[in-house]
Structure formats: C-alpha cells, structure tokens
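1. the sequence and its predicted three-dimensional model are supplied below.
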Amino acid sequence: MEKFGFTILKERHIDYDANDRSIAEYIAANEPSFSLCIECGCCAATCTAGSYTKFSLRELQILLKRGENDFVRDNIKKCMLCGKCILVCPRGVNTRNVVTLAREAFQKNMKNAV
Amino acid sequence: MQFDPFVIPFNIGLYFILIYAVVRSVRWFSDLSRSDKLRLQRGFFGRAFGQSIKEIFMESLIHRKILKSNFRLGFMHMSLAFGWFLLILFGTIEADFFGEKHLNPPYKAIFFKFFNPDHGRSGFEAVYSFWMDLILAFILSGLFLAVIKRFSSKVVGMKRTTRLKALDRIALTSLWLIFPSRLIAESFTNGAYGTGSFLTGSLGSALSSFLPAQQMAYPFWWLYSLSLGTFFILLPLTRYMHIPTELFLIFARNSGIRTGDQSGAFKEIQTYSCSSCGICIDACQLSFSADITNIQGAYLLKGIRNHENVSDIAFNCMMCGRCDQKCPVGIELTPIRMIRRRAGETETVQTSILKKYLPDRLNIAPVRANGKPSYSYLPEVEPEKTDVLYFAGCMTHLTPSIRNSMVKILDAAGVNYSFMDKNGGVCCGRPLMLAGQDREARELINFNSQHIWKSGARTLVTSCPICYKVFRESYYIDVEVMHHSQFIKMLIDDGSLKLNFLRKKVAYHTPCDLGRGSGVYDEPRDVLKHVVRLQKTDFEDENSLCCGGSLGNMKISYQKKNKIARDAAAALAKGHPDILATSCPLCKKTLASATETKVADIAEIVAEAIAPPLLKKNITDPLNRIKEPVRLF
C-alpha cells in the first residue's frame, strides 16, 4: 500500500480518560462564561493575531475542552489580548479572561511540575 | 503640680502616637528614591511649603472637596476634624491663660475643666466657656451624623458606606466615646461647681439635680482619658492611620512626587492615606449600575494594607478613573491598581498584631519574566515614507464606518498620509498592559515603534483613545500623537476641511481614556459644535461615565457590562438627542448595543458634513446640475 502513496492515518480518537482536563476545569471555575462557547469561530475570524499567524481561539478552546493541552500551551501566548473577540462573541464569552486564565494555569502547572 | 492618675492612659497614648508618627515618617522618607528625596527636601523648604500648609488646612481640616460635592458628608468630616482641631487649639490657649502657669503639659489642656473646676464663672471666662461649649456642640453634631451614617448611610447622602474590620470597629467605638464622655464629664464637674456655659452648664445643673455630680464626674473623666488613649494606641492598626499619613502625603505630592508605575514609598504612603470614607464606592459605576461593591479603591487599599491577595479586586475594575477624580485625599487609585495588576497573584500574609505596628514594606514583585518572546511571528515591515501616519487600531477595524469616515476626511482635506494598519495592524499594547503583562506589551510597542520610525512620519493620528493613551505615555517615539478629534479640529482651524452645518441635536459622551485618561476634553466638543447642535448632559468632562465596554476589566460578565452600558446610554440620552456622539470605537460599539438612539463617532458626523466639491461645480455649470442631482444626505 505504501508504495502507492497511502499511509496509515494517525489515530484520531479523543481519549477523555487519559487527557488532562484540569486546565479547562480551572478556567471554567474562574470564568463561567467559558462553557457558553458554541465554537462558532467569530473570535478567530476577527482576531488581530490571527491575521499574521495561525492562531484560532476557537481551535484552542476546543482543544482545551478535550484536554489536549500541548498545542494550546505553545500557541496561547500569541494572543495580543486586544479584545475584538469579546465584542463579536454572540454568546458573551469573556474571551480575554479565558486567555489570561489559560496562561496563568499553564504557568502554575509548570511550577508544580518543577 | 496638678496631677491625677486618670490622665495616664491619655499620656501613654499621646506620646506613643507622636513617637510612632515620627518613626514612620523617617522610614518613609528613607524609602523614597534619591530623586524623590531631593524633591521632597526642595518642596519642604521652598514655595510648595505654603501650598501644602494651605492644602492641609483646606482638605484635612475643612474637607473642602467633600463639602463641595456632598454638604452633609462634608459637614460630618469637617465637624470632627476641624472641631477637634479647634478644641485642642483653644483648649491649649485656655490652659495657658487661665491655668496656674504657662506652658503646660498637653493633658492640662485636654482635662482643663477637671483641674480648674471654678473656671468660667463670670466675665471673659464665661465668654470663653461659651466658645468652648460651642466647639464641643459642633463636634457632637458631626458625631451624631457619623453614628447615623453607620446605620443608614443614605441620611448623609451616601448610597453605601465601607465595611469595617474588628479592629476598625474598636477604634471607631473609642473615637465615638471620646466626645460624649467629655461632655458628660465636664457637665458633672460643672454641675457640682455651678459653672459652665449653655451646653455643659445646663446639662450639668440638670444632672446634678438628681445625681451626686461630684462622685459621678470622676469615672467619666477616666472614660474620657481611656477612650483617647485607646484611640491613639489603635490608630496605627486601623484606617485612622490616614490622619498622620495624609500630612506626609500632601507635602510629598506638592513637592512633585507622583506614583508612576513603580511600587515604592510614595505608593505605600498613599495606601495608608486612605480613610475608607467610601466616596470612591459611590462614584463607581460597578457599584451603582452593576452591583459589584467589593472591589472599589477603598477595598483595594485596605487589602494591600493588610497584605492580602487582592488580584481579584485589582482586575475587576474598568480603569475608568472616576474614583481618582472623586477621591477627596487625591490618591492615585488607578496607577496603584496598575502596579498591583503587574504583580499578579500574591500570597496572603498573616501578621501578628505587634508586627502590624511596624509592617513590612508594601513592596510588590517586579514584572514576572517568562522566557521566550511571544510575538516572534510578526513580520518585518517596510513602510512607505510619509508625513502623517494614520493608525486606526483594532477597535476601529471592528467599526469600519469610523475607518471609512476617517479616510474620507483625510482625502477631502488633502492630507499626505499613509494608513499604517490598512490590512489589520498590530495591537498597540495597552490591552496587555491593562492585563498586567508589560513584558509582552513591550514587544508590541517595539514592533509598532519600528514601523513609525521607518515611515519617518511627524504626526501620528489614531482613532482610538486606548491607542492614543499608550502612544503618548509608553512609546518612545519622536512624533506628535493626535487623536482624530484633535486632528480634525486642526484641519477645520487651518481651513483645509470645509464643513456644512447639520441640523441635528447631539449629546457627547467623553471616553474615559481620552478624557480623564489623557485630558482631551475640549477638542471633540469644539469639532461637534462646528457641525451640529451640542446638547449638555449631566455627565460632562471629569464626571463623564464609562460606557462599560472597557478593556480594563478582565472579570466582569457580559450581562453586567451591558447593564452599565444601558444605564450610561440612558443617562446620556436624557435630552432625546438625534445622535449620541462619542470619539471612541469601543464606546460606540458598546453603547450602540445598549440604546435605541443612533450612536456615531465624531469622524462619522464630520464625514457626513463635508461640503462636497461637486456643489461648487454645479453652481457654475447649470447643465451639469440637471444631469447629476446634488445629493445632500
């Protein structure tokens, strides 16, 4: 098969038991509006940082809720906190606080690990 | 020498507080930075001295600022502070003239009546007694108001009063006891000797008619001395520490010392200068619109004083600066809050009572450093050379009508400009600063600064007050930064922009960052007066409201934001204007969703009023006029 350019797809199922959802829980506890997100993507569409690099708050929120934190940890820093996403959010999610809390949680996690 | 053991508590308290005030002042002075020390020295021995003395008299004693804004509350503060001052001053004079000898120890003046019960029978002495009674009555009237305020703050015209700690309550009780106990003690003594004037004299004779006045007086003199002593001893642990600290603060401020963005001795002095009077609570829109009543300046400073973790308080604020304007002590609450935000979360420190007398310095950890740069993805820029650079800002991109109007205005005025963030630029950095992330903000500032340098522009025009403030304060660039309202005014003044007059009623909302934040009040209003009929609102200039959309508040929920916006919009639209004008894209966006009235930016109104060059052409060429009908909106 591989001769013909086909490969075996990477496994894509989400293992909620193995994933670490603590960061999403921390954010939801401190910013209840986090759980209102309907993943419409308005925030990503209007994003200032998103026009320069691949940065989508929608994607990061989904990953956080799944507990796939590694990608989020590297990318959440790209946000400039300019606040356009708050204004366009149809659900009234306080996105700036979500981002700050996520950064805070990653920093705390790092400290615990060390 | 006249002496009685009951004066001992008072003496201990008095000498303790005097020594303590000196020790703390010396410590604060030594903690000031080198340049601030020089400033204070120059201020103390220079012209600022007279100014400071005047301010101490007007603000610390008379409480002029509070009197102006709320007479009953001001009277309460004045009668206690100024009345007590008069009582001490004239008590000392009384003891000096009528006592057994001159230059008495302080307790002679305070307990004068006890040691000279026969004083005040006739002649000048009686007049003097009348005067002293009058002062005491003045204080008691204020005390009466203060007691009522504790139970129902509405009586003195305040919606809310501050919540107190246990120690504050004890100190408050001892303060409340001081003057009634003096009244009763003096009355009994006067009753026994048949002296005293209209207050203590008549009360004394009434009491002595059915009570053994001679025996009853002594315990009340003890109570008077004890409550004074307790108050003085507890003073450093409670909010009453503001009394000595405020004197230091006034001298420091008049010498030109400012908070800046560094934590230091001046910030500590301001923290202790807060009397928790609660005026900031009433001024705060979070309090009267959104019902969030635990985050105002008084609580922030109280938390800092007690070494608590105040990060929740610090981040839950719109940074609109209304409290800065209202604070009767003139504490720079917003800069202090910014310093606190940079520190992030801190541990609550429990200290013993003894430790609280000489607490650790209220230093705040500097900016947290965390490794790699965050915005390395930003591209190198090669801007074209230009005179005027127009920076719309993130929020303006979200309200394209403002951006388009600005482009129309700039084109109509024939300005040689370049659009810095035509295809969506980089954030100015202030939102990050407001979130306490200065290091990250600095990266964006450097990026934008490079862009501005390379363009060789002399003038930077921005449509967003948030950007305007940060460009002026935190960018090291050699250009003139202008808000678009200022720029439009300049264009109108030098005649490059010809405008029609629109027959519309407009109410103007001053954005926080433009008005209180940067002191730009008149230009937007002048521009509006040029094109429309401007209405007056109840919230002008320093008293202007916040729209509620502020990026300063990290914590507030959408519902509460909207409530603030609706209240603000309703207050501004009271006179039924055709348009609610503002000069901030964020205010426009927030207010538009909260009111039925049309909300427009100044730029939009001006763009609508631009006199079209077509008009002139048509007048000269009648044929053209028929072909192309002139569109007047």
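-> All right, it came through fine.

2. in stretch B:569-587, what counts as buried?
-> Within stretch B:569-587, the residues that qualify as buried are B:569, B:572-573, B:577-587, counting by 16 or more other CB atoms under 10 Å in any protein chain shown. From N, CA and C alone the C-beta is placed, and that goes for glycine too.

3. any idea of the pLDDT on whichever residue of chain B sits closest to chain A?
-> Of all residues in chain B, the one sitting closest to chain A is B:Y558 (3.0 Å; CB to the nearest CB). Model confidence at B:Y558, given as pLDDT, is 92.

4. hang on, the earlier thing: near chain A, from the buried residues of stretch B:569-587?
-> Judged by CB under 8 Å from any CB of the partner chain, the overlap between these and the neighbourhood of chain A comprises B:L586.

5. which helix or which strand is home to residue 107?
-> Using chain A. helix A:95-113 (DSSP states H and E).

6. wrong chain, I was asking about chain B
-> Taking DSSP H and E as the criterion, the element that holds B:Y107 is helix B:106-110.

7. which helices and strands does that helix pack with?
-> helix B:8-31, helix B:71-98 (3 or more CB pairs under 8 Å, 6 or more residues apart in numbering or on different chains; DSSP states H and E).

8. among these, which is the most enclosed?
-> Mean neighbours per residue, mean count of other CB atoms under 10 Å in any protein chain shown, is largest over the helices and strands packed on helix B:106-110 for helix B:71-98, with a mean of 18.

9. in terms of secondary structure, what does it contact?
-> Using 3+ CB pairs under 8 Å, 6+ apart as the contact criterion, the secondary-structure elements in contact with helix B:71-98 are helix B:64-69, helix B:106-110, helix B:112-115, helix B:123-151.

10. list phi and psi for the nearest residue to B:L528 once chain neighbours are set aside.
-> On the basis of CB to CB, 6 or more residues apart in numbering or on different chains, the spatially nearest residue to B:L528 that is not a chain neighbour turns out to be B:L534, at 5.0 Å. The main-chain torsion angles of B:L534 are listed as degrees, to the nearest 10 and equal phi -90, psi 130.

11. could you do B:A570 as well?
-> The phi/psi pair for B:A570 (degrees, to the nearest 10) is phi -60, psi -40.

12. hmm, B:C274 is touching B:Y299, no?
-> No. Distance between B:C274 and B:Y299: 9.8 Å, which falls outside the contact criterion (CB atoms under 8 Å).

13. what about those two, which has more around it?
-> Using other CB atoms under 10 Å in any protein chain shown as the criterion, B:C274 and B:Y299 rank with B:C274 on top: 28 against 21.

14. from B:P105, how far out is the nearest residue to that one once chain neighbours are set aside?
-> The shortest distance from B:C274 to any non-neighbouring residue, by CB to CB, 6+ apart, is to B:L301 (4.3 Å). B:L301 sits at a distance of 36 Å from B:P105 (criterion: CB to CB, to the nearest Å).

15. these two - which one has more neighbours?
-> Between B:L301 and B:P105, counted using other CB under 10 Å, B:L301 has the larger neighbour count: 28 against 13.

16. can you list contacts of the helix or strand hosting the more buried one?
-> Secondary-structure element containing B:L301, defined by DSSP H and E: helix B:297-305. Helix B:297-305 is contacted from outside by B:162, B:165, B:239, B:270-272, B:274, B:276-278, B:280-281, B:309-310, B:313-314, B:323, B:327, B:331, B:333, B:336-337, B:340, B:362, using CB atoms under 8 Å, 6 or more residues apart in numbering or on different chains.

17. out of the residues you listed, which end up buried?
-> Neighbour-count burial (16+ other CB under 10 Å) applied to the contacts of helix B:297-305 gives B:162, B:239, B:270-272, B:274, B:276-278, B:280-281, B:310, B:313-314, B:323, B:327, B:331, B:333, B:336-337, B:340, B:362.

18. now go through those residues and say which are in strands.
-> Residues of the buried ones among the contacts of helix B:297-305 located in strands (DSSP state E): none.

19. just checking, which of the residues you listed belong to helices?
-> B:Q270, B:T271, B:Y272, B:C280, B:I281, B:I313, B:A314, B:C323, B:L333, B:I336, B:R337, B:R340 (DSSP state H).

20. which residue is the nearest non-sequential neighbour of the last one?
-> Residue nearest to B:R340 in three dimensions, not counting chain neighbours: B:A314, with 4.2 Å by CB to CB, 6+ apart.

21. repeat for the first one
-> With CB to CB, 6+ apart as the measure, B:I331 is the residue that lies nearest to B:Q270, at 4.7 Å, once sequence neighbours are left out.

22. correct me, but B:L87 touches B:I135?
-> Yes. Taking contacts as CB under 8 Å, B:L87 lies within contact range of B:I135: 5.1 Å.

23. burial of whatever residue of chain A ends up closest to chain B, as a residue count?
-> In chain A, the residue that lies nearest chain B is A:G92 (3.0 Å; CB to the nearest CB). Residues near A:G92, counting by other CB under 10 Å, number 14.

24. now do the contacts for the closest residue to it other than its chain neighbours.
-> Across the structure, with CB to CB, 6+ apart as the measure, the residue nearest A:G92 apart from its sequence neighbours is B:Y558 (3.0 Å). Remark: with contacts taken as CB under 8 Å, 6+ apart, B:Y558 is in contact with A:S33, A:G92, A:V93, A:N94.

25. Provide the secondary structure category for the residue nearest to B:E332 when sequence neighbours are not counted.
-> Nearest non-adjacent residue to B:E332, counting by CB to CB, 6+ apart: B:T259, 4.5 Å away. Secondary structure of B:T259, reduced to three states by DSSP: H, G, I helix; E, B strand; the rest coil: coil.

26. SS state for B:V506?
-> Secondary structure, three-state DSSP: B:V506 is strand.

27. is it in a bridge, and if so with what?
-> On the basis of DSSP bridges, B:V506 takes part in beta bridges with B:L534, B:I579.

28. might you report the residue contacts of it?
-> Listed by CB under 8 Å, 6+ apart, the contact partners of B:V506 are B:L528, B:V532, B:R533, B:L534, B:Q535, B:P577, B:D578, B:I579, B:L580, B:A581, B:I605.

29. got the contact list for B:K37?
-> When contacts are counted by CB under 8 Å, 6+ apart, B:K37 touches B:F29.

30. and B:L73, by the same measure?
-> B:I66, B:K149, B:V156, B:G157, B:M158, B:C277, B:I279.

31. could I get those as CSV with pLDDT and distance to B:L491?
-> Below are the contacts of B:L73 laid out as CSV (pLDDT from 0 to 100; distance: CB to CB, whole Å):
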residue, pLDDT, distance to B:L491
B:I66, 89, 43
B:K149, 87, 53
B:V156, 70, 50
B:G157, 68, 45
B:M158, 73, 46
B:C277, 85, 46
B:I279, 89, 41
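
32. most neighbours of all these, which one?
-> Across the contacts of B:L73, the neighbour count under other CB under 10 Å reaches its highest value at B:I279, namely 24 neighbours.

33. shouldn't that residue be in contact with B:P328?
-> Yes. With the criterion set as CB under 8 Å, B:I279 and B:P328 qualify as a contacting pair; they are 6.1 Å apart.
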